[in-house]
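*Asks:* coordinates for the following, if possible.
(chains A and B)
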Amino acid sequence: MIDSGNIFSILFVLILVIPVLSIFFIALLPEDKPNLIWNWALVLSSFIFFLSSILWLAYSYNNGISANFLEKDLIQGVFLIIPLFDINQGWDLFLEIQPFIAIDGVSILLIELTTFLIPVCFLTSISSIKSKVKEYIILFFMIELLCICTFTFLDLFLFYIFFESVLIPMFVIVGIWGSRSRKIRAAYQFFLYTLLGSIFMFFALLYIKSVLGTTNYIVLLNLMPLIDESTQLLLWLSFFCAFAVKVPMIPFHLWLPEAHVEAPTAGSVILAGILLKLGTYGFLRFSVPLFPVPSFFFMPFIFLLCSIGSIYASLTTLRQVDLKKIIAYSSVAHMSVVMVGLFALTPQGLQGSLSLMLGHGVVSSALFLCVGVLYDRYHTRIVKYYGGLMQVMPNFSLFFLFFTLANIGFPGLCNFVGEFLCFLGAFERNAVASFFCLMGTLGGVGYSMWLANRLVFGQLRASYISTFTDLSLLEYFMFLPFIFLTLVLGVYPSIILDTADPAIFDLSIKLKVI
Amino acid sequence: MSFSYFSQTPFFLVSEIFFGLSLTFLLCLGLYFSVALPEIRTHRFNILSFSNDFLKIGISISIFSIVLFSLSQVEVILFESQFIQSNFLLNVKIILLFLLISTFCLSMDYYRNEGLDLFEYPLLKMLAIFMTFFVVSSNSFISFYMSLEAQSLILYILAAFARKNELSTEAGIKYFILGVLASGMLLLGIVLIYMSYGTFMFDDISILNHHLAEKPLLVELGCVLIMISLMFKLGAAPFHVWLPDVYEGSPLPSTIFFATVVKFTTLVIFVRLFSIIFAQVDGSFYVLNLCTFLSLLIGSIGTLRQTRLKRFVAYSGIVHVGFMLLCLCSFDSQDSLKAFFTYILLYLLTSVGFFGIVTSMRPLLDQSYRSIYFIEFSDLAKKNVGLAIAGMIFIASMAGIPPLAGFFAKFYVLLVTINSQNYFLGLVALILSVLSMFYYLRIIRIMWFDPTINNWISYNPPERLCALLISLSVFVVLGFFFEPAILNELICLIL
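*Replies:* Sure thing, here's the model as predicted:
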């Protein structure tokens, strides 16, 4: 019988190594055969997706039967340690840090989302990216690798490294393949906002390392009470700066619409689908468990920001004319809801925030893909040039309407589960904040329906655009998995909730809310 | 007495003596070819590669000296304890020779293209290194001062070497006048210490300092003066004004020499003097803290508006010096020394790589042109992707963006700073590093995003040795993340 820990190690080595190998492999392919390059990129990224799915399956299978084998591999009942690195062997002798990989339900789901989105990014880029194809693909593989690392390395220092290094490939993607002349400004904003935020986290990291002498997450969980509470509040705030910029919470959100508007379609998909989740993942994994008392202390503060954010973002969305900006602001609104659920600090809220993270990753990525489809054809994203697309692009309109409905949290589709659970959790803590956030969501219905109405229904604006083509076969198949996921996660959310359940349960016990 | 050092010296200084003798031999050889037999030189030898031959001989001599150095690992005090040879100093000398080799590798093409094809030029650099050996080995102020002066004199010549170039002459004179001012201060400081203690020896001064709870005012003043003059040689901020001008005016190989070898030497001297003498004197900490703060601040702000390559390197060098001094501000343990040397080594490596890129920026049509402005990097990604990627990696590493080596170096420094509860300077360094991101990102932007503004269609591919150096530094900067332990252990070996 094969040791299950071994299976995980092998799978994980493959998941970490194949992106690296793909980078080298793609770099060696001949420049003048773009088709070959695209095909290989698709094959390799799909294979990584396949592997991560197997990881998920293996994990949930073991979850069910757990008991005997997991005893020795689990720490505190949740984290499955992947023995890739010898713990006793030093990695950085100066800092005395050993790399430490452990996964739980949360990280597996986010890895799954990452690996799912990368092939889609390649699919949507085939028609639009014509220059520097190899570099483009290499950068996406880099993002994939770094995100997977971010979600799995349970060491504060290494987490910080990966969390930050995602910036470089994204900066280059926005800067080179961006669509307009403002792209450089957008790339700068993206980079500097995030960096300025995480500098504070860096300082907190230095402080923790210097006072407690370790950055290992599992050890820190037990050691953190040694720091007195007023200092913990400051540390929480510094972590908050880093993560809130990434989420983005409302006063720090200015970089997001810019970056979205200027990035190529695939860049937007990655940005909305994965990079925003790095922030919420940071809150869920580090801020809340490491600093439980400050988390409760700052709960009203977060609720306030989120209530303002939800309503403000919805109202701002109403007056946008750029399709991508509309979806970007709706992302801001949704992330506010995620944060409300997360900082309700109840099991329902935590579960809800996780499933809304995933749901938002699927739905808003799909919406960005829809915008990308339109932009590839007509090279404009201004709403007023479009109208009555139902008559000429029925397939596209159907998909767009479907994802818009999913975006407003229509029951039976995936966002509904997350939003419902988030509000359920938040209502327990603070009914008023929950009410205001719900109002924001109501605004979300307003702008989404308004957008769908302008775009899909009404009169055909033939005066601006004269030739119309519906979805190509490739685009059609690009959307199918999104439809599938949206439906499945909406109808049968247990596949997410069950995977994440042990982790959330454990967190709730640590927070003493169960 | 005389008996002892005649019996010992040849054995212990064998590598230095070898280096010095081969230097003399090369000098004779060069004179012979250039003066005694000019017609042979023009006919039999290819005139264009005259100094290239000397470069290659110089490289082989340096490699041989490195081997000798690594064989003779002996700790000894020589010449009536005027000089000292220790494990650490031997390693420093080996690093110096490596830097010399990389300077030579980077300037392979240069002399020919610039019309500076004189054999003295590489020899002068070797002579400067030779003097540097004595500077770092010196164990008393008198030998220290004399060898430092000899070294500085060569540096002034190196700065002014492009005689026909106005800027170079100006740089040489500026460097000379201000350098003399600094050594005047150094001498005054030494004299003040001598007045109250009556000795030049480092060890004696250290013992006296150790036993006197209340230091004489003259000693405090003398230490401050010596520190100021060293800060001047280092180019730390408020004494940095000469640095950008000298860097900009001097020919590129000299600039590389100043930015790597001279900086390294001065830092090593500084850390030696600091650990022996200054660390016990309160006054020196004021100077150190002030210089660190100002270097970080003025360097970061000064770099913001630079459009010229060398000025940029000079100002960002000031910031890096600030970071290195930051380690010494919290000078309490072996850790800060480790952080200090990690930072120096990675900084040297990155700057060698970056200079490699700068030297290989030659348009195909006009060989004699050398790049002065950043804008000439524009759209490098289209012209030479390899160089552009390497450039991006170096810049990102200098800026301290995570997975690269520069980030680790900064992290070590800041950790040491925070460990000694120096929160203010740590926070200043962190916030200024965000500011510095602006200008580092600007270079990446110019390389990758900006449309081309000049009509250079393509570049010469980099010289082979130069390309080797660039790829070596890229390898270390990228690979550092995967196994930092290697460099950690190396640093422990050096110290």
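
*Asks:* and the next helix or strand past the strand or helix carrying A:C121?
*Replies:* With elements taken from DSSP states H and E, the one containing A:C121 is helix A:105-125. The helix or strand immediately downstream of helix A:105-125 is helix A:133-152, counting by DSSP H and E.

*Asks:* okay, angle between that following helix and helix A:105-125 too, please.
*Replies:* 170 degrees (axes from the mean of the first three to the mean of the last three Cα atoms, to 10 degrees).

*Asks:* which strands or helices does helix A:133-152 pack on?
*Replies:* Helices and strands touching helix A:133-152, by 3 or more Cβ pairs under 8 Å, 6 or more residues apart in numbering or on different chains; DSSP states H and E, are helix A:4-28, helix A:34-65, strand A:102-103, helix A:105-125, helix A:156-165, helix A:167-177, helix A:265-270, helix A:276-282. Using the backbone N, CA and C atoms, a C-beta is placed for each residue, glycine as well.

*Asks:* out of these, nearest to B:S147?
*Replies:* If you check each of those against B:S147 by Cβ to Cβ, helix A:156-165 wins as the nearest, at 42.8 Å.

*Asks:* can you name every helix or strand that that closest one contacts?
*Replies:* helix A:133-152, helix A:183-212, helix A:217-223, helix A:276-282.

*Asks:* is it possible to get these out as a markdown table so that each row also shows mean pLDDT and mean neighbour count?
*Replies:* Converted to a markdown table, the helices and strands packed on helix A:156-165 look like this (pLDDT from 0 to 100; neighbours: other Cβ atoms under 10 Å in any protein chain shown):
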| stretch | mean pLDDT | mean neighbour count |
| --- | --- | --- |
| helix A:133-152 | 91 | 24 |
| helix A:183-212 | 88 | 21 |
| helix A:217-223 | 85 | 16 |
| helix A:276-282 | 92 | 24 |
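
*Asks:* among the ones you listed, which comes closest to A:R429?
*Replies:* The nearest among these, by Cβ to Cβ, is helix A:276-282 at 17.8 Å.

*Asks:* contacts for the helix or strand just after that closest one next, please.
*Replies:* Later in the chain than helix A:276-282, the nearest helix or strand by DSSP H and E is helix A:288-290. Helix A:288-290 is touched from outside by A:Y217, A:L220, A:L221, A:M224, A:S295, A:L342, A:F343, A:L345, A:L507, A:K510, A:L511, with contacts defined as Cβ atoms under 8 Å, 6 or more residues apart in numbering or on different chains.

*Asks:* who's in contact with the fourth one?
*Replies:* With contacts defined as Cβ under 8 Å, 6+ apart, the neighbours of A:M224 are A:L212, A:Q232, A:L290, A:F291.

*Asks:* now the last one
*Replies:* When the contact criterion is Cβ under 8 Å, 6+ apart, the partners of A:L511 are A:V288, A:P289, A:P292, A:S295, A:L345.

*Asks:* for the lengthiest helix in chain B, which positions count as buried?
*Replies:* In chain B, ranked by residue count with DSSP state H as the criterion, the top helix is helix B:166-197. Across helix B:166-197, burial judged by 16 or more other Cβ atoms under 10 Å in any protein chain shown covers B:168-172, B:174-176, B:178-179, B:182-183, B:185-187, B:189-190, B:192-194, B:196-197.

*Asks:* wait, doesn't A:L455 sit right on A:V383?
*Replies:* Yes: counting by Cβ atoms under 8 Å, A:V383 is a contact partner of A:L455 at 6.8 Å.

*Asks:* between those two, which has more neighbouring residues?
*Replies:* Per other Cβ atoms under 10 Å in any protein chain shown, whichever of A:L455 and A:V383 has more neighbours is A:L455, with 25 against 17.

*Asks:* what is the host helix or strand of the more buried one packed up against?
*Replies:* Element membership of A:L455 [criterion: DSSP H and E] is helix A:431-456. The helices and strands touching helix A:431-456, judged by 3+ Cβ pairs under 8 Å, 6+ apart, are helix A:299-318, helix A:323-343, helix A:389-392, helix A:394-407, helix A:414-429.

*Asks:* in the stretch 151-300 of chain B, which residue sits nearest chain A?
*Replies:* B:S300 (13.6 Å; Cβ to the nearest Cβ).

*Asks:* show me which of the buried residues of helix B:166-197 neighbour chain A.
*Replies:* The subset of those within reach of chain A, by Cβ under 8 Å from any Cβ of the partner chain, is empty.

*Asks:* return the residues of the stretch 251-400 of chain B in contact with chain A.
*Replies:* Going by Cβ under 8 Å from any Cβ, the residues of the stretch 251-400 of chain B near chain A are B:D335, B:K338, B:A339, B:T342, B:A381, B:V385, B:M392, B:A396.

*Asks:* where does chain B dip in pLDDT?
*Replies:* The model of chain B has pLDDT under 70 over residues B:1-12, B:36-51, B:112, B:115, B:117, B:364-371, B:452-459.

*Asks:* rerun at 80
*Replies:* Across chain B, the ranges flagged by pLDDT under 80 are B:1-14, B:31-54, B:68-80, B:108-119, B:163-164, B:213, B:330-333, B:361-383, B:450-463, B:494-495.

*Asks:* break it into its domains for me.
*Replies:* Taking automatic domain parsing as the criterion, chain B consists of the domains B:1-138, B:140-280, B:286-495.
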